[in-house]
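Novice: Next one to model:
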Amino acid sequence: MQDHEREQDQEPEVFLEYQVEYDDADVLPAGDQAVSDFAMLSVTLLNNTAGAYGDARIGFHPLNAIPSSGVIYLEFPESFLSVSAARLRNGIEGIDGTVRVSVASKRVKLERNGDGSDVQAGKYVSFTLSGIMNPGQSGDAGNFTILTLGSDGDEIDQGRADEVVIAPGLLEGAEVILDNGSSGDMTEVEISFVVRNAVPPTGSITIQFPVDVTIRDVSMALQGACEGIDGSFRVNVTRTKVGSVVSVVRQGDGSLIQPRSEVSVVLNVRISPQTALGTGNYRIQTTAGDGSVIDENSKVAGLAVQDESEAPDSSSELLRNLQSAVQLRLGGTPDILLDLMNHRIELLTVLEFATSDQLQVQSKHSHILLQIAHAMDITQDVMDEFDLGLAQWRIEIHVHANSNSKVNWRLSNDRAQALKTVLAEKYEVEPASLHAKGHGSAQPQRKGDQECFVEILFSLDGRFGDLPGNTPAPASKETSIRPPSTTVKDNQEDDQAV
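Specialist: Modelled structure (predicted):
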């Protein structure tokens, strides 16, 4: 976030045709009586996770005209950590002329300078503010208030929006290490992570064990074994249908855990004699005193500590250890899930291809490709440290866009090759680690009504194996629609390629 007091002495910034100036002197007028409500008032956070720093998009239809010298006020709920760095991104849709932007506390003022035309009643108006820091915990964000005024200061329209819900932030680098994974034994469990948001002195840390692990006894290890957290604790264990949950409840006599702090908690746990280490994932959460979730990570693989002289006795154990080591360094990847235990990178956001160039991914998805490349790089770094050789990745694409199976197969194969080229040339993934395969519509891998479905498979030795139901490519004189383009198109419209 930038220092606005320093910016007051600088030249105004210009966004397209909109002149934008900033100061902190303006405040929202007093009074909360609504003159009339807006139609279809909405506030959307482009990233709604707790503590995220990003954009908020506001849209509405005013029931009364907004004059060329009028004012729009937007007040954010008190739960937001900061809006002091708010910036108008790309002007205002539905309004012409220049606009002056000022910020005071949680209030943003957009003041028209009189050089545009009046906004007619009912016309759609929308704008995006960047530099917004979300609330530090999940749940209802609270009420947004928007107000329009005339040049004389009289209220025109006023309304509220309250549909914004904040999702938990991500606990980065989360790891669970068991000193002894044998059932029936008392074992030391270390839970470590990096918090995205602050944890209050009355907050808690909860660990949900896999469903096949039952906790019989639990206690806090010696105070000195914990890092990044102080004060006293109460430890509870609850048995649920989805697994045992251990809660480390802070008693209010410690200090605030600051955002981006590394935390490590050590427990003494006895696992049920009927169960062993567990085959599922652990879920770790930090919560506020009222139980609201602050941050969480639900995909944490458990790691059993081995004797240094012992090598992993199975490929599954090796993958478990590799997953844990990579996850500790990977950080947040909201659009993908790295799942080495199941030999894949799962895409949580649909990867769409451009209509103008059917072999290229739309530019609005470039951040997804960046996350994929980052996951591949971190995986290779860990594999290098343990002399595991070169990781192998296969991009597989299924296409259902056409009724002609030959066209689908050629298009899926060419898209897979093009995506492989982009990852190697633009995102600098080792080319020798990348492979590509198109399945067309022969294998019905499809989610909902997606016309194109992308999978990325992982292998330690390059032996991927064929998926069930795979069929050879249809015979055809054509080998491709056209050679995959290696040209990367940046900063284009969403329908363009990256």
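
Novice: Let me see the backbone angles for Ile322.
Specialist: For the record, residue 322 is Leu, not Ile. phi -60, psi -40 (degrees, to the nearest 10).

Novice: Chain neighbours aside, what residue packs nearest to it?
Specialist: Leu340 (5.5 Å; CB to CB, 6 or more residues apart in numbering). In this view, the C-beta of every residue, glycine as well, is placed from N, C-alpha and C.

Novice: Relative to Ile456, how far out is the one you found?
Specialist: 11 Å (CB to CB, to the nearest Å).

Novice: In stretch 291-298, which residues are buried?
Specialist: Across stretch 291-298, burial judged by 16 or more other CB atoms under 10 Å covers 292-297.

Novice: circling back: what's the neighbour count on the residue nearest to Leu322?
Specialist: 24 (other CB atoms under 10 Å).

Novice: how close does it get to Asp212?
Specialist: For Leu340 relative to Asp212 (CB to CB), the value is 20 Å.

Novice: what does Gln358 give?
Specialist: Counting by CB to CB - Gln358 and Asp212 are separated by 46 Å.

Novice: With neighbour numbers in mind, choose between these two.
Specialist: Legend: neighbour count by other CB under 10 Å for Gln358 and Asp212, higher for Gln358 (17 against 14).

Novice: ok, which stretches of this protein are helices?
Specialist: 4-7, 315-330, 366-385, 405-425 (DSSP state H).

Novice: Format these as JSON lines; extra columns: mean neighbour count, mean pLDDT and distance to His61.
Specialist: Below are the helices of the chain laid out as JSON lines (neighbours: other CB atoms under 10 Å; pLDDT from 0 to 100; distance: least, CB to CB, whole Å):
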{"stretch": "helix 4-7", "mean neighbour count": "12", "mean pLDDT": "39", "distance to His61": "31"}
{"stretch": "helix 315-330", "mean neighbour count": "18", "mean pLDDT": "79", "distance to His61": "43"}
{"stretch": "helix 366-385", "mean neighbour count": "18", "mean pLDDT": "89", "distance to His61": "31"}
{"stretch": "helix 405-425", "mean neighbour count": "22", "mean pLDDT": "86", "distance to His61": "40"}
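
Novice: Nearest to Tyr73 among these would be which one?
Specialist: Comparing those against Tyr73 with CB to CB, the closest turns out to be helix 4-7 (17.5 Å).

Novice: wait, what's in contact with Val293?
Specialist: 137-139, 168, 285-287 (CB atoms under 8 Å, 6 or more residues apart in numbering).

Novice: Output the lowest mean pLDDT helix or strand found in this protein.
Specialist: When each helix and strand of the chain is scored by mean pLDDT, DSSP states H and E, strand 13-15 comes last, with a mean of 32.

Novice: what separates Asp295 from Gly173, distance-wise?
Specialist: 12 Å.

Novice: Over to Gln417?
Specialist: Distance from Gln417 to Gly173, by CB to CB: 34 Å.

Novice: what's the answer for Val119, then?
Specialist: From Val119 over to Gly173 (counting by CB to CB), the distance is 48 Å.

Novice: Please say which of these two ends up with more neighbours.
Specialist: Shown here are Val119 and Gly173; by other CB under 10 Å, Val119 has more neighbours (23 against 17).

Novice: Grab the nearest non-local neighbour of that one.
Specialist: Of all residues not flanking Val119 in the chain, Ile66 sits nearest, at 4.0 Å (CB to CB, 6+ apart).

Novice: so how far is Lys109 from that neighbour?
Specialist: 14 Å.

Novice: Spit out the residues that contact the two alike.
Specialist: Joint contacts of Ile66 and Lys109 (CB under 8 Å, 6+ apart) are Ile72.

Novice: in this structure, what spans have low per-residue confidence?
Specialist: When residues are selected by pLDDT under 70, those of the chain lie in 1-37, 180-186, 219-225, 271-279, 303-314, 356-357, 400-403, 441-451, 465-498.

Novice: Give me the domain ranges for it.
Specialist: Listed by automatic domain parsing, the domain ranges of the chain are 4-166, 169-305, 324-498.

Novice: Tabulate the ones you listed in CSV, adding columns for distance to Leu318.
Specialist: Formatted as CSV, the domains of the chain follow (distance: least, CB to CB, whole Å):
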stretch, distance to Leu318
domain 4-166, 32
domain 169-305, 11
domain 324-498, 8
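
Novice: How much space separates Ser261 from Pro334?
Specialist: From Ser261 across to Pro334, the span is 21 Å (CB to CB).

Novice: so how far is Ala436 from the residue nearest to Leu322?
Specialist: In terms of CB to CB, Leu340 sits 20 Å off from Ala436.

Novice: now do Leu369
Specialist: Taken as CB to CB, the span from Leu369 to Ala436 is 14 Å.

Novice: and what of Val242?
Specialist: On the measure of CB to CB, Val242 and Ala436 end up 38 Å apart.

Novice: Neighbour count: these two, which is higher?
Specialist: Ala436 (21 against 11).

Novice: what sits opposite that one in the beta ladder?
Specialist: Ile395 (DSSP bridges).

Novice: residue contacts, the most centrally placed residue in the chain?
Specialist: Centroid-nearest residue in the chain, with CA atoms, centre = their mean: Pro334, separated by 2.9 Å. Taking CB under 8 Å, 6+ apart, we find Pro334 in contact with 47, 49, 170, 348, 371.

Novice: Kindly recompute the last result at 10 Å.
Specialist: 47, 49, 52, 167, 170, 348-349, 367-368, 371 (CB atoms under 10 Å, 6 or more residues apart in numbering).

Novice: now swap in Val195 and tell me
Specialist: Per CB under 10 Å, 6+ apart, neighbours of Val195: 51, 169-172, 203, 205, 228-229, 257-263, 286, 294-295.

Novice: go again using 6 Å as the cut-off
Specialist: Neighbouring residues of Val195 by CB atoms under 6 Å, 6 or more residues apart in numbering: 257, 261, 295.

Novice: Distance-wise, check the residue nearest to Leu322 relative to Phe458.
Specialist: Look at Leu340 and Phe458: by CB to CB, they are 6 Å apart.

Novice: now Gly116
Specialist: 55 Å.

Novice: Looking at these two, which has the bigger crowd around it?
Specialist: Of the pair Gly116 and Phe458, Phe458 is the one with more neighbours under other CB under 10 Å, namely 23 against 20.
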